[in-house]
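A.B. asks: only geometry, no sequence info:
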């Protein structure tokens with residue numbers, strides 16, 4: 001078993017590990033946190049499965065504006081992952097994500113949201129098990145990797161690595177040392193490209209997640225907002241003590 005945190009939920013378990021946690025505690029966390037989109041199906045507002053085809057894609061210049069209580073980010077979705085792109089655009093355009101929480105925040109790793117159960121969650125309520133009733137087939141592309149600022153889909157431990165239909169995370173990560181790069185390569189069973197190594201040692205990220213989760217977009221404006229969210233005080237299951245809500249809208253550049 002890896003000593004690194006993984007994204008999960010009972011539908012998508014994104015279970016990253018804080019820098020200061022020791023190995024034993026990290027393993028405990030990894031075992032105890034539900035995966036983002038796994039067993040639940042308990043979403044209070046289940047949505048029908050979208051027609052996830054390229055026809056849903058609203059063009060290469062479409063961005064998503066993600067507003068939060070701590071600032072605004074703009075997301076660009078990758079054409080290389082058309083199913084995830086189409087699904088995210090559909091949900092964002094329908095207002096599905098509006099008023100949902102960033103329910104899982106781990107400094108130095110990632111910020112996670114998209115659980116529909118978080119919309120009306122009581123303080124201290126455990127979150128992460130909500131889903132939308134379907135999964136998206138994995139679209140793992142080797143050139144899309146977990147550097148700081150990327151948008152990726154959470155998932156449970158299904159062998160196909162299919163993604164949750166709604167839960168996502170944005171990587172914060174941290175600059176990696178050469179030793180950490182080497183360890184990541186051993187875990188992945190492959191060598192990182194020179195571009196990957198440069199990004200991971202300068203910008204930072206979470207290389208050990210590569211090849212296991214679908215990366216389908218990136219923050220093109222507002223990287224500092226990730227750091228602000230990652231720095232908030234958290235309580236049980238890494239839920240922020242003060243609720244952090246989101247709102248999304250599509251931006252089409254003409």
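C.D. replies: Good, I have the coordinates. Predicted, not measured: the structure shown is a model, and the values here were computed from it.
A.B. asks: for the rest of this, base every contact and every neighbour count on C-alpha atoms.
C.D. replies: Noted.
A.B. asks: so which elements touch whichever helix in the chain runs longest?
C.D. replies: If you go by DSSP state H, the chain has its longest helix at helix 82-94. Applying 3 or more CA pairs under 8 Å, 6 or more residues apart in numbering; DSSP states H and E, one finds that helix 82-94 contacts strand 215-221, strand 246-252.
A.B. asks: buried stuff in that helix?
C.D. replies: Applying a neighbour-count criterion of 16 or more other CA atoms under 10 Å, one finds 82-93 buried in helix 82-94.
A.B. asks: could you give the average pLDDT over the helix or strand just after it?
C.D. replies: The helix or strand immediately downstream of helix 82-94 is strand 102-106, counting by DSSP states H and E. Mean per-residue pLDDT for strand 102-106: 98.
A.B. asks: what are the pairing partners of strand 102-106, and which direction each?
C.D. replies: Sheet pairing of strand 102-106 (DSSP bridges) gives strand 110-113 (antiparallel).
A.B. asks: the strand it pairs with: what's the following helix or strand?
C.D. replies: Criterion used, DSSP H and E; the element after strand 110-113 is strand 135-136.
A.B. asks: now that next one: average pLDDT?
C.D. replies: Mean pLDDT, strand 135-136: 98.
A.B. asks: what packs against it?
C.D. replies: Packed against strand 135-136 by the contact rule (3+ CA pairs under 8 Å, 6+ apart) you find strand 163-164.
A.B. asks: packing partners for the strand it packs on?
C.D. replies: Looks like strand 163-164 contacts strand 135-136 (3+ CA pairs under 8 Å, 6+ apart).
A.B. asks: and the residue nearest to the spatial centre of the chain, what are its bridge partners?
C.D. replies: Per CA atoms, centre = their mean, the C-alpha nearest to the average position across the chain is that of residue 169, at 1.5 Å. Per DSSP bridges, the residues bridged to residue 169 are residue 112, residue 152.
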